[in-house]
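>>> sequence and computational prediction follow.
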Amino acid sequence: MQKSILITGGAGFIGSHVVRHFVHTYPEYRIIVLDKLTYAGNLANLADMEGKANYFFEKTDIADETAVSEIFAKHRVDAVLHLAAESHVDRSITHPLEFIQTNVIGTANLLNAARKQWTSGDHLFYQISTDEVYGSLGAEGKFTEMTPYDPRSPYSASKASADHFVRAYGHTYGLPVVLSNCSNNYGPFQFPEKLIPLMINNIIQEKPLPVYGDGSNVRDWLWVGDHVKAIDLIFHQGKNGETYNIGGDNELSNLRLLHILCDQMDQKLDKTQGTARKLITFIKDRPGHDKRYAIDAGKLKTELGWRPETNFENGIEQTIDWYLSNREWLENIISGEYMHYYQQQYHT
Ligand code: NAD
Ligand code: TYD
C-alpha cells in the first residue's frame, strides 16, 4: 500500500536530509513536505527534489490550525515525521514567544489533526526532539531515556512541552507515537547561526570567531547522515510510545572543536597553520548556557542495531568541503536577514 508521509520542516537543515533520504529510498511513499519557509527554511536545500514523482511541497505554518487540517485531508496523511521548529537557542533567548507558537502550538495542531483523521488504519506520529530537554550535565554521566526532563532555555522548554503533548496524545487518545532525542548535528545545509557553519563562514571571511564564555562547554556532535539513518530505523521499527536517544559518542568542548576546525580550514585554504586560531575571540557568555550534553544511545544500539558510522574527523572534512564548494548557497543566506541577526547578536 502507498503511504503518504508528511515531513514538517523538510526545508530546514536536518529535514532536507531526511526528505532526500526518504524520497530516494522509498519511491513507494508519497513524501509531502510542510514548511513555512522561515529564515531557516530554504527551498535551495531541496532543489534536487524538484520534479521527483513522489515529492510534494506545501508552504504552510504548523501554527495555522485550519491550514494543517486541510493538508491532512488533501494528502490523506498516514504518518508524520515532525521536524518543523524554531531551533536556535540564542534566538529563543531574544524571542521566546515565537518558540511557543511554533514548537508548542504548532505541534499540538499537528497532533490534533492526526487524532481527528486517523480513526482507523496504520499510522505514526514521530516527534524529532533534542537532548537539550534533559537539561545540563556536570563533568560525569550521560542522558538516558529515563533522565527526567529539566529544560533550561526557552528553546528546550518549548521542545520539552511539545514532547509532553506527544506522549499525552499517545496515552489519552491512543495516538501511535514515537520520539527521539538527539544530540548536536552537523553537516551540509546547516544554517550559519549554529556553531560549526557560523565559524566556517567567519573563517572564510576572516572575521572574529565568537566563543561564548571560556569555550569549555561540551556538546556531543553527530553527523547528520547518521541521524537520518537513526530516524529511518525508528520510523520503521521503533516501538509504539517509546523514546530513543541518539548521540555520536563524540564529546568535544567548544574550544577543542574550534581548534580542529581552524586547523583543517587553514589546510583547505592554503594558509599557514595558526592563522584561523588567531581569529578566536572570547565574548560574553550565553545567558543560562548549558554546560555539557552527553547521550547514552545504548537503547537504540541494542534494540535497533544503530551505530554512528561517520567519525568527526571525516564528517568535519566533508562539512568544510561542502561549505567551500557551495559559496553561492552561503552568500545567499548571509546577505539578507542574517546580517541583521548577526549585528544584533554579536554587537558588530
Ligand atoms: P532548522 O532551523 O534548520 O529548520 C527548521 C525548519 O522548520 C525550517 O525549514 C523552517 O522553515 C521550518 N519551520 C519553522 N517554523 C515553522 C512553522 N511554524 N511552520 C512550518 N515550518 C516551520 O532546524 P534543524 O536543525 O533542521 O532541526 C530540525 C528538528 O530537529 C527540530 O525540531 C529540532 O528541534 C530538532 N533537533 C535539531 C538538532 C540540531 O542539532 N540541529 C538536534 C536535535 C534535534
Ligand atoms: P549551537 O550551535 O547554538 O547549539 P546548542 O546551543 O543548541 O548546543 O551552539 C553550540 C555550542 O557553541 C554552545 O555551547 C554555544 C556555543 N557557541 C559559541 O560559543 N559561539 C557562538 O557564536 C555560537 C553560535 C555557539
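Right, received. Where do you want to start? Ligands and ions are numbered 1, 2, ... in the order given.

>>> all contacts plus neighbour counts: C-alpha atoms, from now on.
Fine.

>>> state the pLDDT value of the nearest residue to Leu137 once chain neighbours are set aside.
Spatial nearest neighbour of Leu137, chain neighbours left out: Arg292 (5.0 Å); criterion: Cα to Cα, 6 or more residues apart in numbering. pLDDT, Arg292: 98.

>>> touching, Arg292 and Glu140? I think so.
No - between Arg292 and Glu140 there is no contact under Cα atoms under 8 Å: 9.3 Å.

>>> give the contact list for the residue of the chain most remote from its centre.
Most distant residue from the mean C-alpha position of the chain: Thr272, 34.0 Å away (Cα atoms, centre = their mean). Shown in contact with Thr272 (Cα atoms under 8 Å, 6 or more residues apart in numbering): Asp266.

>>> strands of the protein, start to end?
3-8, 29-35, 55-59, 79-82, 124-130, 177-182, 184-186, 209-212, 218-223, 243-246, 251-253, 280-283 (DSSP state E).

>>> ranking the ones you listed by burial, who's on top?
Each of the strands of the chain was scored by mean neighbour count; the highest is strand 243-246, a mean of 26, by mean count of other Cα atoms under 10 Å.

>>> just checking, what packs against it?
Packing partners of strand 243-246 (3 or more Cα pairs under 8 Å, 6 or more residues apart in numbering; DSSP states H and E): strand 177-182, helix 224-237, helix 298-304.

>>> and the second one, what does it pack onto?
Helices and strands touching helix 224-237, as assessed by 3+ Cα pairs under 8 Å, 6+ apart, comprise helix 13-25, strand 177-182, strand 184-186, strand 243-246, helix 298-304.

>>> shaky segments in the stretch 1-150 of the chain?
The stretch 1-150 of the chain contains residues with pLDDT under 70 at 1.

>>> and the helices in it, which stretches?
Here the stretch 1-150 of the chain has its helices, by DSSP state H, counting those that start in this stretch, at 13-25, 65-75, 89-94, 96-99, 107-117.

>>> so which of these is nearest Phe125?
helix 107-117 (7.7 Å; Cα to Cα).

>>> counting by contacts, list what that closest one packs against.
So helix 107-117, by 3+ Cα pairs under 8 Å, 6+ apart, packs with helix 65-75, helix 154-173.

>>> stretch 226-239: which residues count as buried?
226-232, 234-235, 238 (16 or more other Cα atoms under 10 Å).

>>> circling back: switch the helices of the stretch 1-150 of the chain over to JSON lines; also include distance to His171 and mean neighbour count.
Formatted as JSON lines, the helices of the stretch 1-150 of the chain follow (distance: least, Cα to Cα, whole Å; neighbours: other Cα atoms under 10 Å):
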{"stretch": "helix 13-25", "distance to His171": "27", "mean neighbour count": "20"}
{"stretch": "helix 65-75", "distance to His171": "22", "mean neighbour count": "15"}
{"stretch": "helix 89-94", "distance to His171": "29", "mean neighbour count": "17"}
{"stretch": "helix 96-99", "distance to His171": "25", "mean neighbour count": "18"}
{"stretch": "helix 107-117", "distance to His171": "12", "mean neighbour count": "20"}
